[in-house]
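Participant: predicted coordinates and the sequence they were generated for:
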Amino acid sequence: MAETRSVDLLVIGGGLAGLSAALEAREHSLEVALVCKSKSGKSGNTLVSGGALSVVSDFAGYGDSPPILEKDLLNSGGGINDNELVKLFARESTSVLPFLEKYGVKFKSFEGKPMVKHPPGHSVRRSFPSEYRNYSYLNRGLALTLPLLDQAKRRGVRIVDETTVIRLLTDEEGICGAVAMANSSGGKMRLRAKAVILAAGGGAGLYEKNNNTADVSCDSYRLAYEAGAVMRDMEMVQFYPSMMYSPIKMPLSNPLFGDGAVLKNNLGEEFMYRYSDRGNLATRDIMARAVMTEIEEGRGNPEYVYMDCSKIDSEVLDKKYQELRITLKKAGLDIKKDLLPLAPAAHFYIGGIEIDRDCRTSVEGLLACGEAAGGLHGANRLSGIALAETVVFGKIAGRTASKICRKREQKRNLPELEEEVPEIRHGESVIPDLIKGIRTLMWKNASIKRNEGSLKTASDELDRIIKLKESAKIEGPRDHVLYHQLESMIVAAQMLLCASFKRLESRGAFCRTDYPEIDNSFRGNFFLKKDPNGKMECTFRRSE
């Protein structure tokens, strides 16, 4: 018999979204348990983020306002954002820095003033970097998460680490808990809850070339989908245009372009004006396709192009990018003199679980926030918005959970556990190989550029992997964790392919080479859910 524990609120995910939600819920006196697949505060994509948040703030002094940010988000999103979420986010973004500072996060300053940067796609300077000099440059996000983790523990949030949530539990009234598994022992537990917040991140790890952490593997999407929640925009994935793979793997900060960095190909050409009249200040979707095109057409070296930072004043590099300069120097590169090799990488899942302005999903008692949720970004995402989004909607989810918990009774009985995966199975296929296979087929056939033929190839290959999964070798707890990760990746890949087949146009981060233009008949969103027969249902709704 599996152990059963009870709480008011279960938060799934230990990054900035989950911690923000848990802290806000504690402010409303909820009993909160936070479950993390790895280590809370040291997991998820917050860890490897740039540590900067793009928000409206009085500190900036550049004439920013919620309506200006709202306009930037809508311009970036290709006309398919959830307008209500955009308006709400732009207004609530003013509360992000005070919220984080309240819980101990510090931000960079220069000569007594907050440091603020200007990433591509934003009409004003509004990107505030956290003070991460005491952390590794490659793990800058710790400057955001560790102070919040410390406060969460101090304020009584029950932290359950190294534990994978494998299923949400529902009954006729909605969500009632979850089933979790200890990674080391494989032991199961049932978690009874009045409300559940999904904050376990996105799924750009579907792709072979990505810059996500290993523990972000589409779990939010499978858990929500199987519980009956509606998903949206699952064809929309953002690709980071400037990822360095060698001599060190790290993203090259997009705000560098705002300070004068340019992209060059192997011929020494500054090529971005071939693709956008904004040149090197183009949004990430345009830049990622431009970089890929230069490489595919033989102007790469041979798998990458270059960032040239020589036009950036040395004082600016020292003031704004000191840690980056030091990190590159350790790898043998001089940011001022050397061309920095880069290529695209899968970065952020734009689509996700459909939520309303209170972070409610279509399943009663189930909430979602952060990268797990879709709608804010439309067809593209601006730099620094993702981290700000985790705080804005994490706080909202925590507040909404308090309202739900005051109205809902704690369930006395939970559905019985079913043994879904055998403890031991001597199969021929190996789960890590199947995961690698998904990543390879998705990168080759359904990444920055897609077409009918490549999507069909991806679908056929995915069907083959699904068949192999049913007889894959299982020899212990680690295989069980990987098995559920594989299932999550399969469900997300199926949704991505389903919507990609149906969107016969190119919009924002989504590119169909056989339909290269925007088609206004597709100005809207694809929604996916499990139908009563267990089949995947995909419907289209035009934007208003």
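Facilitator: All right, it came through fine.

Participant: remind me, longest helix of this protein?
Facilitator: helix 477-502 (DSSP state H).

Participant: residue 130 pairs with what?
Facilitator: For residue 130, the beta-bridge partners are residue 107 (DSSP bridges).

Participant: what is the host helix or strand of residue 75 packed up against?
Facilitator: For residue 75, the host element (DSSP states H and E) is helix 66-76. Counting contacts by 3 or more CB pairs under 8 Å, 6 or more residues apart in numbering; DSSP states H and E, helix 66-76 is packed against helix 83-92. No exception for glycine: its C-beta is placed from N, CA and C like everyone else's.

Participant: pull out the buried residues from the helix it packs on.
Facilitator: Across helix 83-92, burial judged by 16 or more other CB atoms under 10 Å covers 83, 85-92.

Participant: stretch 67-74 now?
Facilitator: 68-70, 72-74.

Participant: do stretch 210-230 as well
Facilitator: So stretch 210-230, judged by 16+ other CB under 10 Å, has buried residues 210-213, 215-230.

Participant: quick revisit: from the chain's centre, how far out does the longest helix of the chain sit?
Facilitator: In terms of CA atoms, centre = their mean, to the nearest Å, the centre of helix 477-502 is set 15 Å apart from its chain centre.

Participant: that helix - what's its average pLDDT?
Facilitator: Averaging pLDDT along helix 477-502 gives 96.

Participant: measure how buried residue 477 is and give me the count.
Facilitator: 17 (other CB atoms under 10 Å).

Participant: leaving out chain neighbours, which residue sits closest to it?
Facilitator: Distance criterion CB to CB, 6 or more residues apart in numbering; nearest residue to residue 477, sequence neighbours excluded, is residue 186 at 3.5 Å.

Participant: can you give me the helices in the stretch 351-500 of the chain?
Facilitator: 385-407, 431-445, 452-469, 477-502 (DSSP state H, counting those that start in this stretch).

Participant: relative to residue 14, which of these is closest?
Facilitator: Ranking these by proximity to residue 14 (CB to CB) places helix 385-407 first, at 11.9 Å.

Participant: kindly format the C-alpha coordinates of the closest one as PDB.
Facilitator: Listed next in PDB are the C-alpha coordinates belonging to helix 385-407 (Å, rounded to 0.1, in the frame of the first residue of the first chain):
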ATOM      1  CA  ILE A 385       9.800  37.800 -20.400                       C
ATOM      2  CA  ALA A 386       9.900  34.100 -19.400                       C
ATOM      3  CA  LEU A 387      11.500  34.800 -16.000                       C
ATOM      4  CA  ALA A 388       9.100  37.700 -15.400                       C
ATOM      5  CA  GLU A 389       6.200  35.400 -16.400                       C
ATOM      6  CA  THR A 390       7.100  32.900 -13.800                       C
ATOM      7  CA  VAL A 391       6.800  35.500 -11.100                       C
ATOM      8  CA  VAL A 392       3.700  37.200 -12.300                       C
ATOM      9  CA  PHE A 393       1.700  34.100 -12.900                       C
ATOM     10  CA  GLY A 394       3.300  32.100 -10.000                       C
ATOM     11  CA  LYS A 395       1.900  34.800  -7.700                       C
ATOM     12  CA  ILE A 396      -1.500  34.700  -9.400                       C
ATOM     13  CA  ALA A 397      -1.600  30.900  -9.200                       C
ATOM     14  CA  GLY A 398      -0.700  31.000  -5.500                       C
ATOM     15  CA  ARG A 399      -3.500  33.500  -4.800                       C
ATOM     16  CA  THR A 400      -6.100  31.600  -6.900                       C
ATOM     17  CA  ALA A 401      -5.100  28.400  -5.000                       C
ATOM     18  CA  SER A 402      -6.000  30.000  -1.700                       C
ATOM     19  CA  LYS A 403      -9.500  30.800  -3.000                       C
ATOM     20  CA  ILE A 404     -10.000  27.300  -4.300                       C
ATOM     21  CA  CYS A 405      -8.800  25.700  -1.100                       C
ATOM     22  CA  ARG A 406     -11.200  27.800   1.000                       C
ATOM     23  CA  LYS A 407     -14.100  26.400  -1.000                       C
END
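
Participant: next structured bit after the strand or helix carrying residue 326?
Facilitator: Residue 326 is located in helix 322-330, with elements delineated by DSSP H and E. Next in sequence after helix 322-330, counting helices and strands by DSSP H and E, comes strand 340-349.

Participant: separation between residue 383 and residue 202?
Facilitator: 16 Å (CB to CB, to the nearest Å).

Participant: mind checking which of these two has more residues around it?
Facilitator: More neighbours surround residue 202 than the other of residue 383 and residue 202, with 31 against 26 (other CB under 10 Å).

Participant: leaving out sequence neighbours, find the closest residue to residue 273.
Facilitator: residue 279 (4.7 Å).

Participant: isn't that neighbour right up against residue 261?
Facilitator: No: in this structure, residue 279 is not within contact of residue 261 by CB atoms under 8 Å, at 11.1 Å.

Participant: spit out the residues that contact the two alike.
Facilitator: Between them, residue 279 and residue 261 share no contacting residue under CB atoms under 8 Å, 6 or more residues apart in numbering.

Participant: those two: which is more packed in?
Facilitator: A count of neighbours by other CB under 10 Å puts residue 261 above the other of residue 279 and residue 261, at 22 against 17.

Participant: can you pull the pLDDT of the more buried one?
Facilitator: 96.

Participant: contact partners for it?
Facilitator: So residue 261 contacts 280, 307-309, 311-312 (CB under 8 Å, 6+ apart).

Participant: list just the nearest of these to residue 473.
Facilitator: residue 307 (43.2 Å).

Participant: circling back: columns distance to residue 376 on top of the buried residues of helix 83-92, output as a markdown table?
Facilitator: Listed next are the buried residues of helix 83-92 as a markdown table, based on distance: CB to CB, whole Å:
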| residue | distance to residue 376 |
| --- | --- |
| 83 | 10 |
| 85 | 5 |
| 86 | 6 |
| 87 | 10 |
| 88 | 9 |
| 89 | 6 |
| 90 | 10 |
| 91 | 13 |
| 92 | 11 |
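
Participant: ok, the residue nearest to residue 477 to residue 34 distance?
Facilitator: For residue 186, the distance to residue 34 equals 21 Å [CB to CB].

Participant: between the two, tell me which one has more neighbours.
Facilitator: More neighbours surround residue 34 than the other of residue 186 and residue 34, with 29 against 16 (other CB under 10 Å).

Participant: torsion angles phi and psi at the nearest residue to the more buried one once chain neighbours are set aside?
Facilitator: The shortest distance from residue 34 to any residue other than its chain neighbours is 4.4 Å, reached at residue 11 (CB to CB, 6+ apart). Reported as degrees, to the nearest 10, the phi and psi values for residue 11 are phi -110, psi 130.

Participant: same thing with the one 3 residues further on?
Facilitator: Summarising the backbone geometry of residue 14 under the convention degrees, to the nearest 10, its torsions are phi -110, psi 20.

Participant: thought it was touching residue 40?
Facilitator: Yes: counting by CB under 8 Å, residue 40 is a contact partner of residue 14 at 3.2 Å.

Participant: who has more neighbours out of the two?
Facilitator: residue 14 (33 against 28).

Participant: and the pLDDT for the more buried one?
Facilitator: Reported pLDDT for residue 14: 97.

Participant: kindly state the pLDDT recorded for the residue nearest to residue 273?
Facilitator: 95.

Participant: show me the contacts for it.
Facilitator: Residue 279 makes contact with 262, 270, 272-273 under the criterion CB under 8 Å, 6+ apart.

Participant: so which of these are in strands?
Facilitator: Cross-referencing the contacts of residue 279 against strands under DSSP state E gives residue 262.

Participant: gap between residue 195 and residue 315?
Facilitator: Counting by CB to CB, the gap from residue 195 to residue 315 is 51 Å.

Participant: kindly report the same for residue 297.
Facilitator: 37 Å.

Participant: please apply the same query to residue 43.
Facilitator: Relative to residue 315, and taking CB to CB, residue 43 is found at 36 Å.
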